[in-house]
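Engineer: would you be able to build a 3D model of this:
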Amino acid sequence: MSKRNTQAHKAAARERLRAEREAQAKKDKTRKQLVVAVSVVAALAVVGGISYGVTQLNKPDAWETAADAKNVTAPKNTSGDDGTTVVIGEPGAKKTLELYEDSRCPVCATFEQGVGETVSKDVEAGKYKVKFVGATFIDNTDNGEGSKNALSALGAALDVSPEAFMEYKAALYSAKFHPEESDDKFAKDSYLIEVADSVDALKGNKDFQKDVEDGAYDAWAMKMSKSFDKSGVQGTPTVKMDGKKITAEGSENAPMTAAEFTKAIDKALKA
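Structural biologist: Residues are numbered from 1 along each chain as shown. Sure, this is the predicted structure:
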């Protein structure tokens, strides 16, 4: 082989090696760019996910939104600011019994089971009117939303009639339907509707059911709850007449039996 051919072969080999190196360099550069791009996308996704999560955490829930509502739809048979005055009974009755309750309160359930029927009979007889003030503080202490949801459903019952309201309230507190305080069953619309089916005026009542499911009176319930918070009452059930607390004789607590209640009420009616 001539010296010239040998040099030519060497030159061709160097050229092929150079071309291969350039091609490999391009591949490495492309691969690096792809890795960087993927990493950037992944990082943005993580940041976006965190940002979305923080936004969701900071976003007010439905009850917070209801509490801040400027326009409140109040049920029928109410009066006062945002319809938070609920007075049931004969307009001519001279005395008004104030009743402060939280739907999840187990002691309220005991009170209603022992005294509720007597209160209803007294109201029908015109002995006094009843002013109802609903609370929701148990939702805060035990976590949940059953107190709020039940109060909203009571608003839907009140929109049907005062009688439906009283009967529904009695059903919610009944031994059959009232859950343990730690069991947030009232948070479920389906359960509230199930309880309502025990009340003639509410059984199969599509308008009532829609109001419960739509949360038509959620904002009203939150305004009612604020009225309780402003009342200065520290616990439930609390019973007052003419601003004075009604208690069982020898006790600081509300009367829990019909006999205790009647004795205390008769005394208050004479005052």
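Engineer: quick one: terminal-to-terminal distance for stretch 127-140?
Structural biologist: 36 Å (Cα to Cα, to the nearest Å).
Engineer: I'd like the mean pLDDT over it, please.
Structural biologist: Stretch 127-140 shows a mean pLDDT of 97.
Engineer: please identify the buried residues of that stretch?
Structural biologist: 127-139 (16 or more other Cβ atoms under 10 Å). From N, CA and C alone the C-beta is placed, and that goes for glycine too.
Engineer: filter those down to just the ones in strands.
Structural biologist: When the buried residues of stretch 127-140 are checked against strands (DSSP state E), the matches are 129-135.
Engineer: mind putting those into TSV with distance to Leu192?
Structural biologist: Below are those laid out as TSV (distance: Cβ to Cβ, whole Å):
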residue	distance to Leu192
Lys129	26
Val130	22
Lys131	23
Phe132	17
Val133	20
Gly134	14
Ala135	17
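Engineer: of those residues, just say which sits nearest to Ala264.
Structural biologist: Checking those against Ala264 by Cβ to Cβ gives Val130 as the nearest, at 15.0 Å.
Engineer: the ones in strands among the buried residues of stretch 127-140: which two are farthest apart?
Structural biologist: Longest span within these, Cβ to Cβ: Lys129 and Ala135, 19.9 Å.
Engineer: need the helices for the stretch 1-150 of the chain, in chain order.
Structural biologist: 3-58, 62-67, 106-124, 137-142, 146-160 (DSSP state H, counting those that start in this stretch).
Engineer: where in this protein is pLDDT low?
Structural biologist: Along the chain, segments meeting pLDDT under 70 span 1-60.
Engineer: do that again at 90, thanks
Structural biologist: 1-61, 141-143, 242, 271 (pLDDT under 90).
Engineer: quick check, central residue of it?
Structural biologist: Residue closest to the average C-alpha location in the chain (Cα atoms, centre = their mean): Glu145, at 3.5 Å.
Engineer: closest to Ala258 out of the buried residues of stretch 127-140?
Structural biologist: Among the buried residues of stretch 127-140, and counting by Cβ to Cβ, the member closest to Ala258 is Lys127, at 13.7 Å.
Engineer: dump the residue contacts of that closest one.
Structural biologist: Lys127 sits next to 93, 95, 265, 269 when contact means Cβ atoms under 8 Å, 6 or more residues apart in numbering.
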